[in-house]
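Undergrad: how does the following fold in three dimensions:
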Amino acid sequence: MRFSVLASGSSGNATVVEAGDTAILIDCGLSVRRLTARATALGVDLSTLDAIVVTHEHGDHIGGVGALARRYGLAVYMTHGTRVGAGFESDRKFALTEISPHETFAIGGLELHPAPVPHDAKEPCQFVVESESRRLGILTDLGSDTRHIQQHFADCCALVLEFNHDLELLSGCEYPDSVKDRIAGRLGHFNNGQAATLLGSLKSSRLRHVLGAHVSARANNVNLVRESLAAVLDDSATSWDVAAQDTATPWIEV
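TA: Have a look, this model is predicted:
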């Protein structure tokens, strides 16, 4: 199994995961044109994807789903709440399957294990993707940690983890107070400290790769994220990096 984060941030998110003959996209918050450019650079033909899996209905995760699914006839998977929140009610012109945020399902050679997360969406979930006992965790867009999250994302071989904001930078940025409160709230986004604490609890000999993700352009700094990752992982054999908004990561083997 291998993956690439094609885009990560408030302007659009998408991650491609491949295993054998199966390829899926988790979230599609980019236009088809932008996504195609990123995918082509990796050698990915979007028309051959097996499915798009959606974590929740916010525009930076779902904005390009309908257009991409209609263009290539792709299957789409999301929870009932996400479907309702997105307004995908009728005349979608693509196949939509509702999933439970508590039940494993399969797409080709991939098993997907969803987990509900605390976020201000209708029925959000994040995923562990598994193939032949290799486990990739994708965990962004959550405002607080839970025991279930700690258990669900344990024993991952690779992890994409939200480091959305720094508390001091968020406090001093130009966002309205209501937006700051939302971001920092229990249904908002992880700050660097929360992410580092959770990562410390998930660190294991199986965890070989970590990507910091969904980094705020206004309320965070990539150098701060790097410092947080280094503080947790530099005494281990785990490699780490930070996913970007404007460029895709190289393929990472899981």
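Undergrad: relative to V215, how far out is N192?
TA: According to CB to CB, to the nearest Å, N192 and V215 sit 9 Å apart. To be clear about C-beta, it is placed using only N, CA and C from the backbone, and glycine gets the same treatment.
Undergrad: joint contacts of these two?
TA: Jointly contacting N192 and V215 under the rule CB atoms under 8 Å, 6 or more residues apart in numbering are F163, V225.
Undergrad: who's in contact with H102?
TA: Counted by CB under 8 Å, 6+ apart, H102 has contacts P114, P116.
Undergrad: Three-state assignment for it, please.
TA: At H102 the chain is in coil, as set by DSSP: H, G, I helix; E, B strand; the rest coil.
Undergrad: ok, the one 4 residues further on next?
TA: At A106, secondary structure determined by three-state DSSP is strand.
Undergrad: phi and psi next, for the spatially closest residue to it that is not a sequence neighbour.
TA: Of all residues not flanking A106 in the chain, L112 sits nearest, at 7.2 Å (CB to CB, 6 or more residues apart in numbering). Backbone geometry at L112, expressed as degrees, to the nearest 10, gives phi -110, psi 130.
Undergrad: surely L112 is in contact with S131?
TA: No - under the criterion of CB atoms under 8 Å, L112 makes no contact with S131, lying 10.2 Å away.
Undergrad: these two - which one has more neighbours?
TA: For L112 and S131, the more surrounded residue by other CB atoms under 10 Å is L112, and the numbers stand at 22 against 19.
Undergrad: and the more buried one, what are its bridge partners?
TA: Beta-bridge partners of L112, counted by DSSP bridges, are F105, V129.
Undergrad: so how far is E103 from it?
TA: According to CB to CB, L112 and E103 sit 10 Å apart.
Undergrad: what kind of secondary structure is V84 in?
TA: helix.
Undergrad: mind jotting down where the strands sit in the stretch 1-150 of the chain?
TA: Along the stretch 1-150 of the chain, the segments classed as strands by DSSP state E, counting those that start in this stretch run 2-7, 14-19, 22-26, 51-53, 75-79, 96-99, 105-107, 110-116, 125-131, 134-139.
Undergrad: so which residues make contact with the third one?
TA: Counting contacts by CB under 8 Å, 6+ apart, the residues outside strand 22-26 that touch it are 14-17, 44, 46, 48-55, 68, 107-110, 127, 129, 131, 138.
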